[in-house]
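>>> using only what follows, build the 3D model:
(one chain, ligands or ions: 2)
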Amino acid sequence: MSVTVRVPAKVNVQLAVGAARPDGFHDLANVFLAVGLHDEVTVTPSAGGLRVTCEGSDAAEVPLDRTNLAARAALALAERYGRDADVHLHITKDIPVAGGMAGGSADGAGALLACDALWGTGASRQELLDICAELGSDVPFALVGGAALGTGRGERLTELEVGGTFHWVFAMARRGLSTPAVFREFDRLAEGRDIPEPVAAQPLLDALAKGDAVALAASVSNDLQPAALSLFPELSDTLAVGRAAGALTALVSGSGPTTAFLAADAESAAEAASVLRASGTCRTVRTAAGPVPGATVLDDA
Ligand SMILES: C[C@@](CO)(OP(=O)(O)O)[C@H](O)COP(=O)(O)OP(=O)(O)OC[C@H]1O[C@@H](n2ccc(N)nc2=O)[C@H](O)[C@@H]1O
Ligand SMILES: Nc1ncnc2c1ncn2[C@@H]1O[C@H](COP(=O)(O)OP(=O)(O)O)[C@@H](O)[C@H]1O
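Ligands and ions are numbered 1, 2, ... in the order given. Down below sits the predicted model:
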């Protein structure tokens, strides 16, 4: 008996960042879009206690101990509902690790939903979302999927209407970037400046609602991009290649270092992807469309 959950990656079409809070986090206006790159998490009862395994091209970079977000999710649910977390969690990883696409968060949400289905806890959606928020700022969105505005530290979600499909190209970099390090660099670059309250941009929300890629391209923004570029200047070359290859816009995905390119349609995305692949400025290139649903239990094969 096992349960498998499929969970998407995200791109931030807007990431407005406020000043550092006393707890070290930053208030955000974080507009998430779930895109069709997925991890799968399979949970199976295991007599030998909690165990995590991972397969996929980035598997060597994924921690297999209790710091893995999937393990933390299983332990949090077990504690809340008085269960033993005697499970084997197997992650089939397709989301790049430390890429600003929330792969670890996806695995956390996936493991939570899978363990919940396996154990039949009867937890409400809100209870699951509360556990997600304890695990990390990006984890609730991986459960919800689609498109949403995240406020607070990104964990308080308002789902958004999207009127069409957006076609993206993602260029994975040759090394990762640490999310806390990028926020620290944001603070350093912001020193001595007044940081406005983060708010969602109305033209961006309208563009999403209309499914208008040209309007979305004109309104995307990422306040962490200067910090990511400061720590990883070569990303500017990748952004320039994607722009020259016809992308409507190019930006760093979240805290990076994955770069994201919005294309007019699937064909232009494929063309930009092949130019980026040939450029030698990145490790791998993928295309993916969004929005897609959040964490979903798969039927038995
Ligand atoms: C930047 C974003 C954009 O969606 O994602 P990535 O691009 O890294 O995937 C998120 O805000 C990352 O969310 P997540 O990766 O869940 O971060 P958390 O585990 O909650 O926090 C890790 C660390 O990031 C910083 N952090 C995170 C969220 C936030 N609103 N303010 C922060 O300052 C803090 O230093 C915190 O200790
Ligand atoms: N299930 C997981 N998958 C990937 N990384 C994980 C996982 N659990 C914990 N981590 C840790 O979280 C770090 C950030 O990973 P990830 O979520 O992929 O990136 P990002 O926060 O940039 O989207 C990794 O370097 C790794 O040490």
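>>> show me the contacts for Ala260.
By C-beta atoms under 8 Å, 6 or more residues apart in numbering, the contact list for Ala260 reads Val11, Trp168, Val169, Phe170, Ala250, Leu251, Val252, Ser253. All C-beta atoms are positioned from the backbone trio N, CA, C, and that covers glycine.
>>> switch the cut-off to 10 Å
The contact partners of Ala260, taken as C-beta atoms under 10 Å, 6 or more residues apart in numbering, are 11-13, 33, 35, 100-101, 168-171, 220, 222, 239, 242, 247, 249-254, 288.
>>> those: which ones sit near ligand 1?
For ligand 1, the contacts drawn from the contacts of Ala260 by C-beta under 6 Å from any ligand atom are Asn12, Gly100, Gly254.
>>> for ligand 1, what are the nearby residues on the protein?
Counting by C-beta under 6 Å from any ligand atom, the chain sits next to ligand 1 at 12, 15, 24-26, 28, 30, 100, 102, 105, 136-138, 153-154, 179-180, 183, 254-255.
>>> mind checking which of those residues are in helices?
Judged by DSSP state H, helices contain the following of these: Ser105, Thr179, Pro180, Phe183.
>>> mark which of those residues are buried, thanks.
Buried members of these, scored by 16 or more other C-beta atoms under 10 Å, are Ser105, Thr179, Phe183.
>>> report how many residues lie close to the residue in the stretch 101-250 of the chain that ligand 2 sits nearest to.
Proximity of the stretch 101-250 of the chain to ligand 2 (C-beta to the nearest ligand atom) peaks at Gly104, 2.7 Å away. Gly104 sits with 27 neighbouring residues when counted by other C-beta atoms under 10 Å.
>>> next: Pro196.
Residue neighbour count, defined by other C-beta under 10 Å, stands at 10 for Pro196.
>>> and for Ile95?
Neighbours of Ile95 using other C-beta under 10 Å come to 28.
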